[in-house]
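S.K.: I would like the atomic coordinates for the input below:
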Amino acid sequence: MFDHVFRPGAIGGLVLPHRVVMGAMHLNLEALDDGGRALAAFYAERAGEDAGLIVTGGTAVSPAGAGGPGYGMAGDAGHRAALARAVRAVHEAGGRIALQLFHAGRYALPGAPGTDGGAPFAPSPVYSAFSRSTPRELTEEQILDTVADFGRGAAVARELGFDAVEVMGSEGYLINQFTAPATNRRDDGWGGDAGRRRRFPVEVARAVRAAAGDGFPVLFRMSGADLVEDGTPPEETAALAVALAEAGVDALAVGVGWHESPVPTVQAQVPAGTWAVYAKEVKAALRAAGHGDLPVIASNRFNRLGQADEVLATGEVDFVAMARPFLADPAIVTKSRAGRADAVNLCIACNEACIDRSFGTEPVSCLVNPRAGHESEFPLLDVVERPGRYAVIGAGVAGLEAARTLAGLGRHVEVYEAAQEPGGQFRMAAKVPGKAEFGDTIRHHERELRELGVDLRLGHRIGHRDLPMLRALDGVVLATGVLAHRPMLPGLALPHVLDYQQAFADPDALGPRVAVIGGGGIAVDLAHLLTADPDVKAEPEEFLAAHAVTGAVAAGGGAGGVGAGGGTALAERPGALGRTPRRVTLMRRGRRVGAGIGPSTRWVVMRELRAAGVELLTGVGYEEITREGVLVREAEGGLRLVEADHVVLASGQEPELDVAVTLGRAGVPFETAGGAAGTERLNAVRATAEGLRAAHRIVRRGRPSRP
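M.R.: Predicted coordinates for the structure are as follows:
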């Protein structure tokens, strides 16, 4: 299997065992005051699972280039010590690691170190919707100093024992800002025409090449397409690739998009492999210029090695970079090589614990693998002195995570679930367009529990009859989930009123007009489900056409949209995404629909709702549910009847705690996770993290001596 993935390859003089690179991810572990322990444990676990070449998250080449307070800096002695520890750990695990050199430019936060408390620096003073500031224009002296900073960063990488270095020149950061007319409005030696716009990245490449020395691989991550108005023109992208090859780089990694781009690139709505077209175009440009042997690395939206193998089979790229899939499952390579690709815990591209956190200060982790980023806190192996017998009550994602953690710690585990299927609210999410892979998470956990010998008992609601069994347990994790909140409203008992769980169970039974009371994430998901065209296939070609992206030669460049999507807005195209004419109205007391959805995803789903014709009513008061619909008082004070054939309640959740009373009667120690631990700020990230932690807590507690 995967014959193309598992062919050895080389980048410069560095021979690699396969064609998958673990791409760079900022982790917010880089600046932790722990001597680099967490960072080293994170990378070492993946190196031990044959990750191939690991590229670190960006290390700022100067204080002004840091992307936020969680970034490490090449000139900082503490960060160097942390990096050295990570290098040793990776090498001891048999892996290889490259240091990414980084400068945020106008994406740095105002007031960051190195900015003298002011705005960040960039080629030109062009406002950034991402950092919400207008940067200061770099002087000639500052530009030359920054080029030298990149060179010094490469020298640091070699000094610390790294196997290679990667220059971050994509995704709208400083180097990319120099190549785009939108952000480089200079008319000096560093801007004004195509040759002068690419001067900065080429000079950086030369400085890094010189500082790294012979035999030390230099990778350069360039933008294949910016997907912003006045982004780097396609012909200039091709010319830059050739110029970088001539400057001595050993490989080109091809990224896509800016944080301000109006086209999503890393969200679940993007079909796998969509952006490989840009890496192929870079390779074609290199071949045409006589540099066809230079390795090109495709990236973005691969989560299975089979997808990487298909792209590599064409011979149009040489490597594939995968980042978040190594968060979801550090063993993705070893499992796939062993013929167990179906056992991989897939990245579902939710972005909630990874990309969204990377813009703040909280350590990056993973919804489907909450150990990610916490490997030193929760080691894989634990001495089991007394295995004991434990139960998990509830098989939603919190309960499934608790069960696999307990079993992984060597405990005997039984899982009791009242429903006939595991997964809880993830089963609902898996029906939503773009979220089908949520179902893979459930299937993965089921398989893993079977392999670990966990007894999964479905259709078993814990009650008084189970007291003898409960009393024999050493501990319980209570993860019974939530019930839909039922607001006190006249008309609640009318037959056309459903809660969201009933609506998800049989969405086809709902009429052509649906009014949803509530505007949180569940309500938004339901609206997507109700307005989706089931005949529309999620294929790269359809996605690109729907977003007016026709390939690497399209005017204006490529894709992005990691951040707020606040750049040039695409024209609204009702029906362009294949929607049906069902009328859905979302109503909310608050002012913001989908407020709990992560920032890297919310703008995408909200735009899709608007394109589907979903009406969004905010600031309303609910007066009454009638046979004709919902009577609301609008923000301006007037009454309005929202006509509906069905009314769906999605205005909140309540913990299901009946079992807690039974556990109290049994006298068995228990810990709660997910909805059972409370519904405030509840989401799947919190649920799985609590499942992991509750399992460890209940094992550490032990049961008091019994008479």
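S.K.: C-alpha from now on. contacts and neighbour counts both.
M.R.: Noted.
S.K.: now stretch 461-471 - C-alpha only, PDB.
M.R.: In PDB, the C-alpha atoms belonging to stretch 461-471 read as follows (Å, rounded to 0.1, in the frame of the first residue of the first chain):
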ATOM      1  CA  ARG A 461     -29.400   3.100  30.700                       C
ATOM      2  CA  ILE A 462     -27.900   3.000  34.200                       C
ATOM      3  CA  GLY A 463     -30.500   2.800  37.000                       C
ATOM      4  CA  HIS A 464     -31.400   1.400  40.400                       C
ATOM      5  CA  ARG A 465     -31.100  -2.100  39.200                       C
ATOM      6  CA  ASP A 466     -27.400  -1.600  38.500                       C
ATOM      7  CA  LEU A 467     -26.500  -0.700  42.100                       C
ATOM      8  CA  PRO A 468     -24.800  -4.100  42.800                       C
ATOM      9  CA  MET A 469     -22.600  -3.700  39.700                       C
ATOM     10  CA  LEU A 470     -21.700  -0.100  40.600                       C
ATOM     11  CA  ARG A 471     -20.700  -1.000  44.100                       C
END
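S.K.: contacts for the helix or strand where residue 671 lies, please.
M.R.: Following DSSP states H and E, one finds residue 671 within strand 670-672. Under the criterion Cα atoms under 8 Å, 6 or more residues apart in numbering, residues 475, 476, 477, 478, 479, 663, 690, 691, 694, 695, 697, 698 lie in contact with strand 670-672.
S.K.: which SS class is the last one?
M.R.: Here residue 698 takes the helix state, with states given by DSSP: H, G, I helix; E, B strand; the rest coil.
S.K.: okay, now it: neighbour count?
M.R.: 20 (other Cα atoms under 10 Å).
S.K.: export stretch 169-187 as PDB, just CAs?
M.R.: Only the C-alpha atoms of stretch 169-187 are listed here, as PDB (Å, rounded to 0.1, in the frame of the first residue of the first chain):
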ATOM      1  CA  GLY A 169       7.700  32.800   3.000                       C
ATOM      2  CA  SER A 170       4.100  32.000   2.600                       C
ATOM      3  CA  GLU A 171       0.600  32.600   4.200                       C
ATOM      4  CA  GLY A 172       0.800  36.400   4.100                       C
ATOM      5  CA  TYR A 173       3.800  36.800   6.500                       C
ATOM      6  CA  LEU A 174       6.600  39.300   5.900                       C
ATOM      7  CA  ILE A 175       8.300  37.600   3.000                       C
ATOM      8  CA  ASN A 176       5.000  37.100   1.200                       C
ATOM      9  CA  GLN A 177       4.100  40.700   1.900                       C
ATOM     10  CA  PHE A 178       7.100  41.800  -0.200                       C
ATOM     11  CA  THR A 179       6.000  39.800  -3.200                       C
ATOM     12  CA  ALA A 180       2.400  41.000  -3.300                       C
ATOM     13  CA  PRO A 181       1.500  44.400  -4.900                       C
ATOM     14  CA  ALA A 182      -1.300  44.700  -2.300                       C
ATOM     15  CA  THR A 183       1.200  45.100   0.500                       C
ATOM     16  CA  ASN A 184       4.300  46.200  -1.300                       C
ATOM     17  CA  ARG A 185       3.700  49.700  -2.600                       C
ATOM     18  CA  ARG A 186       7.300  50.800  -2.500                       C
ATOM     19  CA  ASP A 187       9.100  52.400  -5.400                       C
END
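S.K.: the strand holding residue 671 pairs with which strands?
M.R.: Using DSSP bridges, strand 670-672 pairs in its sheet with strand 475-478 (parallel).
S.K.: immediately after the partner strand, which helix or strand?
M.R.: By DSSP H and E, the next helix or strand past strand 475-478 is strand 482-484.
S.K.: may I see the buried residues of the lowest-mean-pLDDT helix or strand in the chain?
M.R.: One helix or strand of the chain scores below all others by mean pLDDT, DSSP states H and E: helix 540-546, with a mean of 83. For helix 540-546, the buried set under the neighbour-count rule, 16 or more other Cα atoms under 10 Å, comprises 540, 542, 543, 544.
S.K.: and the contacts of the lengthiest helix in the chain?
M.R.: Determined from DSSP state H, the single longest helix within the chain is helix 140-160. Applying Cα under 8 Å, 6+ apart, the contact partners of helix 140-160 are 61-62, 74, 80, 83-84, 87, 98-99, 101, 164-165, 200, 203-204, 207-212, 216.
S.K.: quick one: mean pLDDT for that helix?
M.R.: Averaged across helix 140-160, pLDDT comes to 98.
S.K.: just the CA atoms of that helix, as PDB, please.
M.R.: Extracted in PDB, the C-alpha atoms of helix 140-160 (Å, rounded to 0.1, in the frame of the first residue of the first chain):
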ATOM      1  CA  GLU A 140      16.300  50.300   3.900                       C
ATOM      2  CA  GLU A 141      18.500  49.700   6.900                       C
ATOM      3  CA  GLN A 142      15.800  47.700   8.700                       C
ATOM      4  CA  ILE A 143      15.300  45.600   5.600                       C
ATOM      5  CA  LEU A 144      19.000  44.700   5.400                       C
ATOM      6  CA  ASP A 145      19.000  44.000   9.100                       C
ATOM      7  CA  THR A 146      16.100  41.600   8.700                       C
ATOM      8  CA  VAL A 147      17.800  39.800   5.900                       C
ATOM      9  CA  ALA A 148      20.800  39.400   8.200                       C
ATOM     10  CA  ASP A 149      18.400  38.200  11.000                       C
ATOM     11  CA  PHE A 150      17.300  35.300   8.800                       C
ATOM     12  CA  GLY A 151      20.900  34.400   8.200                       C
ATOM     13  CA  ARG A 152      21.700  34.400  11.900                       C
ATOM     14  CA  GLY A 153      18.700  32.200  12.500                       C
ATOM     15  CA  ALA A 154      20.100  29.600  10.100                       C
ATOM     16  CA  ALA A 155      23.400  29.700  11.900                       C
ATOM     17  CA  VAL A 156      21.600  29.100  15.200                       C
ATOM     18  CA  ALA A 157      19.800  26.100  13.600                       C
ATOM     19  CA  ARG A 158      23.100  24.500  12.600                       C
ATOM     20  CA  GLU A 159      24.700  25.300  15.900                       C
ATOM     21  CA  LEU A 160      21.800  23.600  17.800                       C
END
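S.K.: now that helix, how far from the chain's geometric center?
M.R.: Offset of helix 140-160 from its chain centre (Cα atoms, centre = their mean, to the nearest Å): 30 Å.
S.K.: stretch 308-318 too?
M.R.: For stretch 308-318, the distance to the chain centre is 24 Å (Cα atoms, centre = their mean).
S.K.: right, and residue 279 touches residue 256 too?
M.R.: No: taking contacts as Cα atoms under 8 Å, residue 279 lies outside contact range of residue 256: 9.4 Å.
S.K.: list residues touching both of those two?
M.R.: Taking Cα under 8 Å, 6+ apart as the contact rule, residue 279 and residue 256 both touch residue 224.
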